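A.B. asks: coords please:
(one chain, ligands or ions: 1)
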Amino acid sequence: MSVRTRFAPSPTGYLHVGGARTALFSWLYARKHGGKFVLRIEDTDLERSTQESVNAILEGMTWLNLEYDEGPFYQTHHFERYNEIIGELMDKGLAYRCNCSKERLDELREQQMANKQKPRYDGHCRNREVSADEPHVIRFRNPTEGEVVVDDLIRGRVVFSNSELDDLIIRRSDGSPTYNLTVIVDDTDMGITHVIRGDDHLNNTPRQINMMEALGLPVPKYAHVPMILGDDGARLSKRHGAVSVMQYLKDGYLPEALLNYLVRLGWSHGDQEIFSVDEMIQLFDLDGINKAPASFNTDKLRWLNAHYIRESDPKRIAHLLSPHLGDLDIDPAEGPELVAVVEAQRERADTLVELAAISAFYYRDFDDYDPKAAKRGLKAAALEPLRAVRVTLAEIEDWQRPAIKEAMDATVSVLDIGFGKLGQPLRVAVTGGNPSPDLDLTLALVGKEATLRRIDRAIDYIQASLAEEPA
Ligand code: GLU
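C.D. replies: The predicted structure follows:
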């Protein structure tokens, strides 16, 4: 039987990190086994589901390249089918109408709580004849005895006693089907072989198995993925920073870095940290998923992102960097070749946002010097080397690295000073204190005109600060 997995988000918000990881695991499992990955939008909660959330989920999956083979299927398009199955359950005596009032149920609940019992429906309407004409819900007649065993592919054997489960509502009084019913119908109709989902659904699984068994449907295999905690041990939430997948795009992360991070979040393969998507597909297995919750670690995600920024094709990085420069009002067409800037700077940034920030000086004069760099570099002793190098640099006709290097070497040799005495102030003068590569390369990229202008500015700056100093 070929593997079929699904991702079944409820469109009540953006695609968050936990959802993306569940989707990734399901996708990888299907890819690894040459199966199919289905996307199903569980939009039956009409009040909370929005088209905006559907779009956000699709956008997130597209960015992460988690392409689905079938779907998106919308549960709201399948109401007829759900009602057909509810009808079948009714016909077979496996479900019944219940007209218990809210007051009765509230009272029951209070009593059970007072007696320290788990609140559950008491089966009041199980053997009563409730007319279809009066307001009612439909409940599944859950077995009252025996056990349900979930042979979970991650958690192992989890046993639930039927006496703990009550007769759950499968159709609300407004006629709409509920989650557990729609899931078993769709998982069956879509031929899902492996349900890989968050372990917040583990308690639903015995109910779903009971319904499938009652209907004589094949029960899929289940794998419940442990949740993700923030660095502080609490369940991952907005408080821990960006939890929407698309926020990572805005924050300058590469999709392959986030995927690599997500796959390692709760799954491991020896000590290996770096996985290309092909490797993930090859090596992924449910056996490698840890039973304990995983902790989100932003430093590690940054580390992976830095790795992929360094290792990717610089042309692609340049392409992805452009919009971040745009956010700084920089048009990379007006300045040095962006690919060359990427090659020069990419080892110095963890994110594309940082890469844009430390590369802005190649395209426009910086506003202010970094105070520490200015204090170290722009002192009285720097005046002479800066003035001298300005003269030699100004003479260069072909503004290329070798000529720039020669001009700087000539300056230090004439002044008989160590290179640092020129290099340090010149670097601050031209970059403002931003991280930068070899000085000749930096100057070559900044351009002659801007270099000379910035040397003049640094000379003025030093003179002004000397004038301010008390005599
Ligand atoms: N729609 C459910 C959710 O978003 C997932 C259901 C499932 O995977 O069975 O939590």
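A.B. asks: quick check: closest non-adjacent residue to whichever residue of the stretch 51-200 of the chain sits closest to the ligand.
C.D. replies: With C-beta to the nearest ligand atom, the shortest gap between the stretch 51-200 of the chain and the ligand falls at R197, namely 3.6 Å. Where C-beta positions appear, they are placed from N, C-alpha and C, glycine not excepted. In this structure, R197 finds its nearest non-sequential neighbour in T22, 5.9 Å apart by C-beta to C-beta, 6 or more residues apart in numbering.
A.B. asks: tell me how far the one you found lies from F37.
C.D. replies: 12 Å (C-beta to C-beta, to the nearest Å).
A.B. asks: low-confidence ranges, the stretch 151-300 of the chain, go.
C.D. replies: For the stretch 151-300 of the chain, the stretches with pLDDT under 70 are 241-242.
A.B. asks: quick one: the strands in it, in order.
C.D. replies: Using DSSP state E, counting those that start in this stretch, the strands of the stretch 151-300 of the chain run over 156-161, 169-171, 194-198, 221-225, 228-229, 294-295.
A.B. asks: reformat these as a markdown table; add mean neighbour count.
C.D. replies: Formatted as a markdown table, the strands of the stretch 151-300 of the chain follow (neighbours: other C-beta atoms under 10 Å):
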| stretch | mean neighbour count |
| --- | --- |
| strand 156-161 | 12 |
| strand 169-171 | 22 |
| strand 194-198 | 21 |
| strand 221-225 | 21 |
| strand 228-229 | 20 |
| strand 294-295 | 18 |
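A.B. asks: any idea which of those gets closest to L265?
C.D. replies: Proximity to L265 (C-beta to C-beta) singles out strand 294-295 among the strands of the stretch 151-300 of the chain, at 4.5 Å.
A.B. asks: from one end of stretch 439-456 to the other, what's the distance?
C.D. replies: 17 Å (C-alpha to C-alpha, to the nearest Å).
A.B. asks: now swap in stretch 432-444 and tell me
C.D. replies: Using C-alpha to C-alpha, the two ends of stretch 432-444 sit 16 Å apart.
A.B. asks: one more: stretch 269-282?
C.D. replies: With C-alpha to C-alpha applied, stretch 269-282 spans 11 Å between its terminal residues.
A.B. asks: which residues touch it?
C.D. replies: 28, 31-32, 65, 256, 259-260, 263-264, 283-284, 288, 304, 307 (C-beta atoms under 8 Å, 6 or more residues apart in numbering).
A.B. asks: name the residues of that stretch that are buried.
C.D. replies: H269, F275, V277, M280, I281 (16 or more other C-beta atoms under 10 Å).
A.B. asks: would you turn those into JSON lines with distance to I192?
C.D. replies: Putting the buried residues of stretch 269-282 into JSON lines (distance: C-beta to C-beta, whole Å) gives the following:
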{"residue": "H269", "distance to I192": "26"}
{"residue": "F275", "distance to I192": "26"}
{"residue": "V277", "distance to I192": "23"}
{"residue": "M280", "distance to I192": "21"}
{"residue": "I281", "distance to I192": "20"}
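A.B. asks: list just the nearest of those to P435.
C.D. replies: Of these, the one sitting nearest to P435 (C-beta to C-beta) turns out to be F275, at 28.6 Å.
A.B. asks: just grab the bridge partners of the residue of the stretch 51-200 of the chain closest to the ligand for me.
C.D. replies: H224 (DSSP bridges).
A.B. asks: list the contacts of it.
C.D. replies: A8, T22, Y222, A223, H224, V225.
A.B. asks: picking up where we left off before, what do T22 and F37 both touch?
C.D. replies: Contacts common to T22 and F37, judged by C-beta under 8 Å, 6+ apart, are F7.
A.B. asks: how deep is I462 tucked in, by neighbour count?
C.D. replies: 21 (other C-beta atoms under 10 Å).
A.B. asks: equivalent analysis for T76, please.
C.D. replies: Neighbour number of T76 under other C-beta under 10 Å is 14.
A.B. asks: list, one by one, the residues from the stretch 51-200 of the chain near the ligand.
C.D. replies: Applying C-beta under 6 Å from any ligand atom, we find that the stretch 51-200 of the chain lies next to the ligand at V183, R197.
A.B. asks: quick one: buried residues of stretch 53-71?
C.D. replies: Buried-residue list, stretch 53-71, by 16+ other C-beta under 10 Å: S53, V54, A56, I57, L58, G60, M61, W63, L64, L66, Y68, G71.
A.B. asks: from the residues you listed, which ones fall inside helices?
C.D. replies: Counting by DSSP state H, the buried residues of stretch 53-71 place S53, V54, A56, I57, L58, G60, M61, W63 in helices.
A.B. asks: is it possible to get CSV of these that adds pLDDT?
C.D. replies: CSV is the format used below for those (pLDDT from 0 to 100):
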residue, pLDDT
S53, 96
V54, 97
A56, 96
I57, 97
L58, 97
G60, 97
M61, 98
W63, 98
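A.B. asks: number of nearby residues for G87?
C.D. replies: G87: 12 neighbours (other C-beta under 10 Å).
A.B. asks: report all helices and strands that the helix or strand containing it contacts.
C.D. replies: Using DSSP states H and E, G87 sits in helix 79-91. In terms of contacts (3 or more C-beta pairs under 8 Å, 6 or more residues apart in numbering; DSSP states H and E), helix 79-91 is packed against strand 95-98, strand 137-140, strand 169-171, helix 179-189.
A.B. asks: ok, and what's touching the longest one?
C.D. replies: It stands for helix 179-189. 6, 8, 40, 42, 44, 73, 75, 78, 81-82, 85-86, 140, 168, 170-171, 177, 192, 195, 204, 207-208, 211-212, 215, 217-218, 220.
A.B. asks: quick one: buried residues of the top helix by length along the chain?
C.D. replies: As assigned by DSSP H, the longest helix anywhere in the chain is helix 448-468. For helix 448-468, burial by neighbour count (16+ other C-beta under 10 Å) applies to K448, A450, T451, R454, I455, R457, A458, I459, Y461, I462.
A.B. asks: out of the residues you listed, who's nearest N99?
C.D. replies: Using C-beta to C-beta, the buried residues of helix 448-468 come closest to N99 at A450, 80.3 Å.
A.B. asks: I'd say the closest one and D365 touch.
C.D. replies: Yes: A450 is within contact range of D365, at 7.0 Å (criterion: C-beta atoms under 8 Å).
A.B. asks: and the residue of the stretch 351-471 of the chain nearest the ligand?
C.D. replies: Ranked by C-beta to the nearest ligand atom, the top residue of the stretch 351-471 of the chain for proximity to the ligand is T351, at 29.0 Å.
A.B. asks: helix or strand: which one has the nearest residue to D327 once chain neighbours are set aside?
C.D. replies: In this structure, D327 finds its nearest non-sequential neighbour in A356, 7.1 Å apart by C-beta to C-beta, 6+ apart. Counting by DSSP H and E, the secondary-structure element that holds A356 is helix 352-359.
A.B. asks: so what touches that helix?
C.D. replies: 251-254, 309, 317, 320-321, 324-325, 327-328, 330, 341-342, 345-346, 348-349, 434-436.
A.B. asks: now the most centrally placed residue in the chain. Nearest residue, chain neighbours left out?
C.D. replies: Centroid check for the chain by C-alpha atoms, centre = their mean gives V245 as the closest residue, at 3.5 Å. Nearest residue to V245, sequence neighbours excluded (C-beta to C-beta, 6+ apart): G60, at 4.0 Å.
A.B. asks: select only the buried ones of the contacts of helix 179-189 in ChimeraX?
C.D. replies: The command below creates a ChimeraX selection of those among the contacts of helix 179-189 that count as buried (16+ other C-beta under 10 Å):
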select :6,8,40,42,44,73,75,78,82,85,86,140,168,170,171,177,192,195,207,208,211,212,217,220
